[in-house]
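Chemist: here are the coordinates; sequence isn't available:
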């Protein structure tokens, strides 16, 4: 069994803090984290890109994340997936919330397919 990897993160309120680093963490690039509460493990950012008539557009980003010293309830110290929507804000998500988001995407995909069929029918009628 592999030994767990540890990383030392410098903080302004607690000095150097040694924490176990998950295998999925992409590293800690901040020279000084303001507070130990802000220490964050982040995995690779996974984009959801959609083709458009003007090129590809990023609609959503998602990444594994953990905040081992968080003192606030949500998302707490457990690992979660942080989801960024429409370039606006990040939403810490549980497995159930991710499933609900995936369900909404599938439902919207179904709606888009219906619109595509409707548009194809309308265009076929216009061509006559």
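Modeler: Now that the structure is in, tell me what you want to look at. It should be emphasised that the depicted structure is a prediction, and the values quoted were computed from it without experimental measurement.

Chemist: For the residue positioned nearest the centre of the chain, grab phi and psi.
Modeler: For the chain, residue 62 is the residue whose C-alpha lies nearest the centre (Cα atoms, centre = their mean; 1.9 Å). Torsion angles at residue 62 (phi, psi; degrees, to the nearest 10) stand at phi -150, psi 140.

Chemist: For it, give its distance to residue 11.
Modeler: 27 Å (Cβ to Cβ, to the nearest Å). Placement of C-beta: from N, CA and C, glycine included.

Chemist: With residue 102 instead?
Modeler: The spacing between residue 102 and residue 11, counted by Cβ to Cβ, is 36 Å.

Chemist: Between the two, tell me which one has more neighbours.
Modeler: residue 11 (18 against 10; other Cβ atoms under 10 Å).

Chemist: Tell me where this protein has helices.
Modeler: 95-126 (DSSP state H).

Chemist: And it, split by domain according to the record?
Modeler: 5-93, 94-128 (automatic domain parsing).

Chemist: winner for burial among the ones you listed?
Modeler: Across the domains of the chain, averaging neighbours per residue (mean count of other Cβ atoms under 10 Å) puts domain 5-93 on top, at a mean of 14.

Chemist: Quick check: end-to-end length of that one?
Modeler: End-to-end distance for domain 5-93, by Cα to Cα, to the nearest Å: 26 Å.
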